[in-house]
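Q: Give me the fold of what follows.
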Amino acid sequence: MRSVVRIVVTLLLVALPAAATAEERGTAFRTVIESQLEAFQRDDGNAAFAHASPMIKDMFRTPDTFMAMVVRGYPQVYRPRSVDFGATTVYRGQPAQIVYLVGPDGEPVIAYYQMQQQPDGTWKINGVYLEQPTNV
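A: I've put the predicted structure just below:
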């Protein structure tokens, strides 16, 4: 019986750090995404661009080009009526945060924010994929 208890305790001790890490990751994702959404609200391209991964920065080169793309292609992200955070997940092979947005037109979308951890341990946004909800 003692060996069973010892195994259960060991398994719990191993699992607890993983759960804390997942919670910490979700908090970090949310902080980055909220900061970028706030920057969009202020039309602060420099601040919004700062939350992009190196790959995204290489694609768009400047904050102005990045902002122009967001304004034209992602109005739900640029000017959401509402924002609700869902679970963290893996989307297209990368860690991601699910965010439920209602766009300026009143239409809901599900945003999958792909996140990339940087060498210094911080997280950057490595892409956003929008999908229409299937049960609206």
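
Q: how about residue 40, secondary structure?
A: With DSSP: H, G, I helix; E, B strand; the rest coil as the basis, residue 40 sits in helix.

Q: Tell me how far it lies from residue 83.
A: 11 Å (CB to CB, to the nearest Å). (C-beta placed from N, C-alpha, C; glycine too.)

Q: Name the residue in those two with the higher neighbour count.
A: Neighbour count, other CB atoms under 10 Å: between residue 40 and residue 83, residue 40 has more, with 19 against 15.

Q: Can you give me the pLDDT of that one?
A: Residue 40 is assigned a predicted lDDT (pLDDT) of 98.

Q: Kindly report the same for residue 26.
A: 88.

Q: thought it was touching residue 97?
A: Yes - at 7.1 Å, residue 26 counts as touching residue 97 under the criterion of CB atoms under 8 Å.
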